[in-house]
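Visitor: Sequence first, predicted coordinates after that:
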Amino acid sequence: MLKKYSHIIVVGIDGAGAFIKDADTPHFDRIFSNGAVTYTALASNPTISAECWGSMLLGVGPEVHGLTNAIVSSQPYPTDSPFPSLFRRIREKMPDAELGSYCDWNPITAGIVEENIGVSHDTARDDELTPVICSYIREKKPVFLFVQMDSVDGAGHRNGYGTPAHLKRIGEVDGLVNDIYTAAGEAGILDETLFIVIADHGGTNPGTGSGSHGGWTDGEKLVTFAAAGKTVNRISVEEMNIRDLAAIVLYALGIDVPSFDEVGWTSQIPAGIFFDPDIPAYRDISHLTGAAPRISQIPHTSELI
Ligand SMILES: [Zn+2]
């Protein structure tokens, strides 16, 4: 498969759901003004962080990967899993590639990405981590960089999702997204970069001054996906599941996307993002319902503040 991009930067905004469309995000709007955008990408079920980030980084749903917040918080991702992470799939094809995972909620790096495969990483709160990420981009020009920001989810937990305080924090994180985008420009790699923003899940606003997630309401299950790059079409993506991130990343790097398998790899390239007649038709996977619905008992970084 032909390599389409030399660099991919994914900025994951935990707990942003589809609420980016309601927030004041001038940088997001500008960056993706000619890109592929949707606010109705489907999260994994249950709408909990480990289940959702696991789906994106592994290309299989929670009914297959079985990860939970408790598991990723307590044990490394097995190096012999039949479902390797994106990082391992890229490493096997590109032994010398610079790969980075910079997450506020470090269990993503520690519990979904295999150890000892040469992934640069660091963890800190979003505001402190972003300058570190920007320096990393300028110095190392990573082939694949995955970033997770946690503070938006914290604002949702503390105030309710979609509330003014939650939307305000999305607006502030929009500035951090712009810092990362700008750093790619300063590194001289922007023309060859596929830049993606994605959320793992949204959350609820019961009007009690706090919110939660884990269920399957629209506020929890519908999320933002946006992509910008030289071969990305300016479209509103009609149908997509967050686990499709894995297929998009492999395709963009010219790595063969595994065959669709209902009991395994179910990550696909959504229709219309790229013009390429060789991309297989998008299959309906709505009958793959995910793991048993449940509310996580293991909070993550922002929930602990
Ligand atoms: Zn989350």
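Guide: Perfect, thanks for sending it. Numbering: from 1, shown residues only.

Visitor: Would you pull up the residue in the stretch 101-250 of the chain closest to the ion?
Guide: Per Cβ to the ion, Asp200 is where the stretch 101-250 of the chain lies closest to the ion, at 4.4 Å. (C-beta placed from N, C-alpha, C; glycine too.)

Visitor: then stretch 9-25 to PDB, C-alphas only?
Guide: Output of stretch 9-25 as PDB, limited to C-alpha atoms (Å, rounded to 0.1, in the frame of the first residue of the first chain):
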ATOM      1  CA  ILE A   9      -0.800  13.400  14.900                       C
ATOM      2  CA  VAL A  10      -3.900  12.300  16.800                       C
ATOM      3  CA  VAL A  11      -5.100  14.600  19.600                       C
ATOM      4  CA  GLY A  12      -7.700  12.700  21.700                       C
ATOM      5  CA  ILE A  13      -9.900  14.900  23.900                       C
ATOM      6  CA  ASP A  14     -11.300  12.800  26.700                       C
ATOM      7  CA  GLY A  15     -15.000  13.400  27.500                       C
ATOM      8  CA  ALA A  16     -15.500  16.000  24.700                       C
ATOM      9  CA  GLY A  17     -18.200  13.900  23.000                       C
ATOM     10  CA  ALA A  18     -19.900  16.000  20.300                       C
ATOM     11  CA  PHE A  19     -19.800  19.100  22.500                       C
ATOM     12  CA  ILE A  20     -17.000  20.600  20.500                       C
ATOM     13  CA  LYS A  21     -19.700  21.800  18.100                       C
ATOM     14  CA  ASP A  22     -21.300  23.800  21.000                       C
ATOM     15  CA  ALA A  23     -18.100  25.300  22.300                       C
ATOM     16  CA  ASP A  24     -16.100  28.300  21.100                       C
ATOM     17  CA  THR A  25     -13.200  26.600  19.200                       C
END
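
Visitor: how about it: buried residues?
Guide: 9-20, 23, 25 (16 or more other Cβ atoms under 10 Å).

Visitor: surely the residue of the stretch 101-250 of the chain closest to the ion meets Leu57?
Guide: No: here Asp200 does not reach Leu57: they are 10.6 Å apart, not a contact under Cβ atoms under 8 Å.

Visitor: Any regions of the stretch 151-300 of the chain where pLDDT drops low?
Guide: 291-300 (pLDDT under 70).

Visitor: Helices along that one, start to end?
Guide: 151-159, 164-186, 218-221, 244-252 (DSSP state H, counting those that start in this stretch).

Visitor: What lies in contact with the last one?
Guide: Contacts of helix 244-252 with the rest of the structure, by Cβ atoms under 8 Å, 6 or more residues apart in numbering, involve 1, 3-5, 8, 10, 41, 56-59, 86, 89-90, 144, 194, 196, 198, 225, 227, 229, 256-257, 267-270, 273-274, 279.

Visitor: again with the longest one
Guide: The set of residues that contact helix 164-186 without belonging to it, under Cβ under 8 Å, 6+ apart, is 7, 9, 11, 13, 16, 19-20, 22-28, 31, 126-127, 130-131, 133-135, 137-138, 147, 149, 151-152, 154-156, 158-160, 190, 193, 195, 197, 205, 211.

Visitor: Tell me how far the closest residue to the ion within the stretch 1-150 of the chain lies from Ala187.
Guide: Per Cβ to the ion, the residue of the stretch 1-150 of the chain with the smallest distance to the ion is Ser49, at 3.1 Å. Distance of Ser49 to Ala187, computed by Cβ to Cβ, to the nearest Å: 29 Å.
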